[in-house]
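# coords please:
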Amino acid sequence: MEHAHTIKQFKEIYKYHKENPNDKQFENEYSREIALYKVAATELLKTYKKLPGTKEILTELDDLQEKKNTLMKEYSESKNNMDDLFIIRKNFEQYMGKDSAAVSLFLFRQFHFLKYNFTAEMSQWINLSTLLA
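Numbers count the residues shown, from 1 in each chain. Model (predicted):
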């Protein structure tokens, strides 16, 4: 990231230098910036020598989209279960007059049971799918 910033910062200086290679005064005055630009460009190219192909990217994107759809469906089902639990809590408190702290603890445990029922991979993808949504 630092290299990209350096390239962006000194791009115009390097561009002028390439267009006017005989301007020695400019070259002497901006020799440090030109050298930094060249080093940053070399390092950046080393980092990105092999870029993935379009087919690979599209295949991976399709796979991620399928996983996202599956996980969003599971998330939606869990959310519906949680909504049902809150409705049950409300009805329970209203009709039975029970202590709301006990009901909250019960619902908290039920929610965490549902939440941790996912496998580790699925819960990781839930975070990714919310970012992609």
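# Provide a list of residues in contact with residue 29.
If a contact means Cβ atoms under 8 Å, 6 or more residues apart in numbering, then residue 29 has no contacts. (Glycine included, C-beta is placed from N, CA and C.)
# separation between it and residue 38?
16 Å (Cβ to Cβ, to the nearest Å).
# now residue 90
68 Å.
# then residue 88?
Residue 88 is 68 Å from residue 38, by Cβ to Cβ.
# swap in residue 4?
Residue 4 is 14 Å from residue 38, by Cβ to Cβ.
# need the longest helix for this structure.
helix 54-96 (DSSP state H).
# and the average pLDDT for that helix is what?
Across helix 54-96, pLDDT averages out at 85.
# by contact count, what packs against it?
Secondary-structure packing of helix 54-96 (3 or more Cβ pairs under 8 Å, 6 or more residues apart in numbering; DSSP states H and E): helix 100-115, helix 120-132.
# rank those helices by pLDDT, which is bottom?
Note on these: lowest mean pLDDT is at helix 120-132, with a mean of 52.
# domain map for the chain?
As recorded under automatic domain parsing, the domains making up the chain are 2-47, 54-132.
# buried residues, stretch 63-76. List them.
Neighbour-count burial for stretch 63-76 flags 67, 68, 71, 72, 74, 75 (criterion: 16 or more other Cβ atoms under 10 Å).
# actually stretch 43-50, not the one I typed
Per 16+ other Cβ under 10 Å, stretch 43-50 contains no buried residues.
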